[in-house]
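Peer 1: sequence and predicted structure below; questions after.
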Amino acid sequence: MTVSLYQTGVSGLLSAQQQLATTGHNISNVNTEGYNRQRAEQNAVVGQVSGSNYIGAGTYIQDITRLYDKFSYKEQLINQSNLGNSDSLHNRLTQLDQVMSTSGNAVMGSLEQFYQALNGVADNPNDSGLRSIVLNQASTLSNDFNELTSNFDQMAKSVNGEIEQVASKISEISLELAKINETILHSQGLNQAGQPNDLLDKRDQLVSELSEYTRVNTVVDQNGVMSVMVGQGTTLVAGITPLTVEVKAGDPDALQTELRLVGPNSSVAINGAKLGGSLAASFEFRDEHLAQTRNEIDRLAMAISSTINSSQASGLDLNAKQGANIFTDINTLALQQGRVSAPASNAGNLVAQVNITDVSLVPTDEFEVRLTAGNFILTNLTNQTTTNLGAPGGAGTVHSTPLGFEFIEGSGAANTDDSFIITPSKNSAVLMKVTLTDSDAIAASTALEITPSTHNVSDGQIEITHVSDPEGARTYTNVTNSGLTIDVYESAANTFTYRVFNTATPPPAAPIATGSYLSGASTTVDLPPLPSVPAFQIEISGDLVGSGANARETFTIGDAFGLGNGNNAVAMAKTQEQGVTNGNKETFSQSLAISTSKAGSKASNAELVADTAQALFTQAFNRNQATSGVNLDEEAANLLKFQQAYQAASQIISTANTIFDTILSAVR
Amino acid sequence: MRVSTTQFYQQSALQMSSKTSDVNEQMAHLSSGKRVLTAKDDAVQYGTLAGYKDGLASIEKYQRNITMAESHNSLQEVVFADAELLLDNIKQDMLLANNGRMSSEDLESLAAQTRNNFKQLLDIANSQDANGDYIFSGYQTEKKAFSQQADGSVSYNGDTGINELQIARNIKVATNQTGDAAFLKVGNAIGDFTTSYTTNTSGVAVESANVTNRNTYNTSATPHDYIFTFGPGVAELNIVDSGGTNVYSTLTYAAGQNITFDGVDVTLSGNPLPGDSFIISEQEDISIFETINDAIAWMEQGSVSTDQEQYQVDYNTILNQLNSAMIHITSRRVDSGIRLQVLESQKDRHLDSELSLATGKANIEDLDFAKAISEFEQSKIALQASQQAFTKVQNLSLFNYL
């Protein structure tokens, strides 16, 4: 009996020791991340029969378990992924918003200055100081575009860097998880009853860390080995076999890096954007938001260059020459080829290029051209609409699209299923430079002007529209002819007949062009007429009645070139208010403002989402902590409790000792 | 619900950090005075704000253009005012010259004076602006507008170009007047023809000669010179065109009667006598310089004793033409004046738009300081409170009592 009392005491002592150890362990790990508090399950020892009574024999620690709620843990994992995703996206989009607001404002400012300088030249075309100011401002404008683009490049680089770091972190975690799984498996194999709580905690902590980077799902088999799946079911850790994640250069654009899952025997590509967590946010930011904004800025740069250049080309500079391009031509070979990229997986060797024909129609979407069933099919990668471009026709074949650009085949040939990615506005902002060096070459002067005769009686008018070759137009008017005269009169009811002729050889000599139009309509005449290449166009509109067949409404076209002629500069300055991009609806500053507000609203939305995700995560975390977290006050109370239990148990032992001494002294 | 120690610290840290970032953000707004620093601050209204800024920048651009256009047009107005004065002097001299008691020497000195005025007018017509550009040469601003030839006539070296500047979205204003419109294209006081008198014994003069039906006129033979011959009958008039064809004849010409032929309407003044004849030729516009030269030539004839009728007819023609020239110059001055008015009123309209745009912009962009400061105070207090709460509660631990 005393013996069993002794044992009982010792059992109590040992149990109290284990309890104290567990409590101590909990207290020491109060700040350990991912630590689930442990509790020693104490059970009473089954009583031993003694006569007709069961006498209890003490206590033992059945198991030290960790207090772990699988469901609230899973909830925490899900919310962690969401938080990782929305936080990362919010930060990146805020950065983009700031870049757009500051650098974008700089672009707006220098655009304003450029047009102001143009107005100065319009007032005083002969002043070389004012002209050089225009070129300076143009330089500032193109520099601002270059800088904005390099800011985008920086952001893309930093996102790529982050993707690489996260990928290597995931690989590390995967290796760690596999090791832990192996240890757990072996420890299970040794048939130990207890749970390796701290290993399990470590494993859960690793999975929790992983969930910030991607969505995570776990499955535990009967041996306690956990398999981990990321994203939409891709296995990262298969029991004790880890797979790693690698970053690979993208194809065809090397800077659009992709992820690959590398196993012991093979590697497979994974779609980063579907992984969830901060990785998905990085891919989404880089491939959608940043790319979209970059395309919009590129398109704006292209629109400005193209509009100013063609305005220049309609006028004459101080040396009576056609105005040369101020900005880089939007259709240089380098730019044309840069818009098409061919993945390395293409079997053929076609080199293609994209020529922009109408900036106002160019969209900011990306396209894919694929040779399928003998035809090039153009697919819009944003809304998946397709257009058939026709069959390949060898080098130089032009396939036009209704979107303001043409797909032109170069050297080589494409094989079936070859694809090409087309970004119509690519590189326009980074390659935008001022190519004009001589300020005299700013085309401020118009080439021709049209003067109505003082004898005209009606309300109509003739305008010179669309001068495509100002030098040729001037030569045609002054040299080939001695001025051009146009007369119009009402030849029949509501029908107006016009004649264009050389002023020096009036009818009955043959006119250069003649025709008629109906009341309320207008007509355009190309001059010189076919078969020559037209240099300019005139538009006749209104009811030009005239006073009779011999007294027609007369207009003369004459040379307008002069050092003091600033009318083309006025027309160039007016382009600031013309709608150009997006189907001639947005002016340049409107276009920029729209891009900036898009970035801002995305950032603002992301902030809301991030705030919500944070709140949800906090709730899930708190719920998890309610079960598994260590509360120091509770542990302090437990310390006292178990200390007392230990003291009491040791008292049992000393009592048992005393009893034994008493028996011994009784029989001596 | 059970609260773990970690949870407590995490929560407090999160709350304090969020309060700190609130305070930070508000400080940024307060120090810049703007509610909208980036598009994220108010994405919905950012587009409108950008539109206001754009409008304000446009108005600034237009105001600059208006200033430039004003300086050009003011200069022209001043120049035309000077020209008006000169023409008035010439006209006064011309009026004096018709006094029958003027001797040849007197007429000579009047002619000299008129010559001086002519030179000054030529000088005015070749005015240059502050940049050295000739203001009346059209587009050819580096070329002198008018130059006098050896024979005294004045030729125009510029062109007919008009420069314009954009002063509002759809309004352009011209900034120059061409020399030929200002000085060469003065309407002929008579109409569309000038007269050259072969024989004039009665003092008959062409009062008006206009093309009324251009269609018929253009069909007839060119050049359009018509020879009027009176006689041999008492009221006989024959008109023959340059090809020799008779286009009009009457035996009953009455003084002041309207003569119509070939789409031309002619009225004569005076009572023609048989033997009078003159030729009319097409000239719609007469240059001011030509008129003044005619006046000088007339004065230099000296005091004339023979052919007094023709002398008088010539005088009348020249005086009428001088009047016509003065009216023309005044109109050109009025043109500049009207443009200045347009510029002035557009300037006022721009100021009004500027005010409303600036107000709109301030409404969106500017910070309401009262509201912002009170929000800032709130955030500051919230931060302080959370910090204090943390310190107080963090001290509480059972271990302190063991």
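Peer 2: Arrived safely.
Peer 1: which non-adjacent residue is nearest the residue of the stretch 51-200 of chain B found nearest chain A?
Peer 2: Minimum separation of the stretch 51-200 of chain B from chain A (CB to the nearest CB) falls at residue B:139, amounting to 2.4 Å. (C-beta placed from N, C-alpha, C; glycine too.) Distances taken as CB to CB, 6 or more residues apart in numbering or on different chains put residue A:562 closest to residue B:139, at 2.4 Å, once the chain neighbours are dropped.
Peer 1: look at that neighbour and give its secondary structure.
Peer 2: coil (DSSP: H, G, I helix; E, B strand; the rest coil).
Peer 1: so who does it touch?
Peer 2: Residue A:562 makes contact with A:445, B:137, B:138, B:139, B:140, B:141, B:159, B:161 under the criterion CB atoms under 8 Å, 6 or more residues apart in numbering or on different chains.
Peer 1: for these, work out which two are farthest apart.
Peer 2: Largest separation among those by CB to CB: A:445 and B:137, giving 13.8 Å.
Peer 1: please tell me how far residue A:401 sits from residue A:362.
Peer 2: 10 Å (CB to CB, to the nearest Å).
Peer 1: typo on my end, it should be residue B:178
Peer 2: 43 Å.
Peer 1: with residue A:381 instead?
Peer 2: Taken as CB to CB, the span from residue A:381 to residue A:362 is 15 Å.
Peer 1: which of the helices or strands spans the residue lying closest to residue B:212 once chain neighbours are set aside?
Peer 2: In space, and not counting its chain neighbours, residue B:212 is closest to residue B:265: 4.9 Å by CB to CB, 6+ apart. Secondary structure from DSSP states H and E places residue B:265 in strand B:264-269.
Peer 1: check the offset of that strand from the chain's centre.
Peer 2: 36 Å (CA atoms, centre = their mean, to the nearest Å).
Peer 1: which other helices and strands contact that strand?
Peer 2: strand B:205-211, strand B:258-261 (3 or more CB pairs under 8 Å, 6 or more residues apart in numbering or on different chains; DSSP states H and E).
Peer 1: who's in contact with the residue nearest to residue B:212?
Peer 2: Contacts of residue B:265 (CB under 8 Å, 6+ apart): B:208, B:209, B:210, B:211, B:212, B:258, B:259.
Peer 1: check whether stretch A:490-507 comes near chain B.
Peer 2: No: residues of stretch A:490-507 are not located near chain B by CB under 8 Å from any CB of the partner chain, the shortest gap being 10.8 Å.
Peer 1: ramachandran coordinates for residue B:282?
Peer 2: As for residue B:282, its main-chain torsions (degrees, to the nearest 10) stand at phi -70, psi 120.
Peer 1: wait, what's in contact with it?
Peer 2: B:192, B:193, B:223, B:224, B:225.
Peer 1: if you rank these by neighbours, which is first?
Peer 2: Counting neighbours by other CB atoms under 10 Å in any protein chain shown, the top entry in the contacts of residue B:282 is residue B:193, with 22 neighbours.
Peer 1: am I right that it is in contact with residue B:208?
Peer 2: No: counting by CB atoms under 8 Å, residue B:208 is not a contact partner of residue B:193; they are 9.2 Å apart.
Peer 1: what is in contact with these two at once?
Peer 2: By CB under 8 Å, 6+ apart, the residues touching both residue B:193 and residue B:208 are residue B:266.
Peer 1: any idea what the residue nearest the centre of chain B is bridged to?
Peer 2: What sits nearest the mean C-alpha location of chain B, by CA atoms, centre = their mean, is residue B:174, with 4.4 Å. Beta-bridge partners for residue B:174, by DSSP bridges, are residue B:164.
Peer 1: surely it touches residue B:163?
Peer 2: Yes: Residue B:174 is in contact with residue B:163 according to CB under 8 Å; the separation is 6.9 Å.
Peer 1: what's the neighbour count on residue 222?
Peer 2: You didn't say which chain, so I picked chain A. Count around residue A:222 with other CB under 10 Å applied: 6.
Peer 1: you answered for a different chain; I wanted chain B.
Peer 2: 12.
Peer 1: once you drop chain neighbours, what's closest to it?
Peer 2: Closest to residue B:222 by CB to CB, 6+ apart is residue B:242, at 7.5 Å.
Peer 1: which residues touch the one you found?
Peer 2: B:221, B:222, B:223, B:224, B:225, B:226, B:227.
Peer 1: still on that earlier bit, of residue B:178 and residue A:362, which one has the most company?
Peer 2: Just comparing residue B:178 and residue A:362: by other CB under 10 Å the higher neighbour count belongs to residue A:362, 26 against 23.
Peer 1: what about the closest residue to residue B:12 other than its chain neighbours, helix or strand, and which?
Peer 2: Nearest non-adjacent residue to residue B:12, counting by CB to CB, 6+ apart: residue B:390, 4.6 Å away. Using DSSP H and E, residue B:390 sits in helix B:369-394.
Peer 1: surely residue B:177 and residue B:333 touch.
Peer 2: No: here residue B:177 does not reach residue B:333: they are 9.9 Å apart, not a contact under CB under 8 Å.
Peer 1: ranges for the helices of chain A?
Peer 2: Using DSSP state H, the helices of chain A run over A:2-28, A:70-123, A:128-189, A:197-213, A:277-284, A:291-313, A:333-338, A:470-475, A:567-574, A:581-584, A:588-628, A:632-667.
Peer 1: show me what the longest one is packed against.
Peer 2: What that stands for is helix A:128-189. helix A:70-123, helix A:197-213, strand A:226-230, strand A:234-238, strand A:241-242, strand A:244-248, helix A:277-284, helix A:291-313.
Peer 1: now residue B:261. Nearest residue, chain neighbours left out?
Peer 2: Per CB to CB, 6+ apart, closest to residue B:261 is residue B:248, 4.0 Å.
Peer 1: phi and psi next, for the one you found.
Peer 2: Per degrees, to the nearest 10, the backbone of residue B:248 is at phi -160, psi 130.
Peer 1: hang on, isn't it packed against residue B:237?
Peer 2: Yes: between residue B:248 and residue B:237 there is a contact at 7.3 Å, judged by CB under 8 Å.
Peer 1: cool, thanks, talk later.
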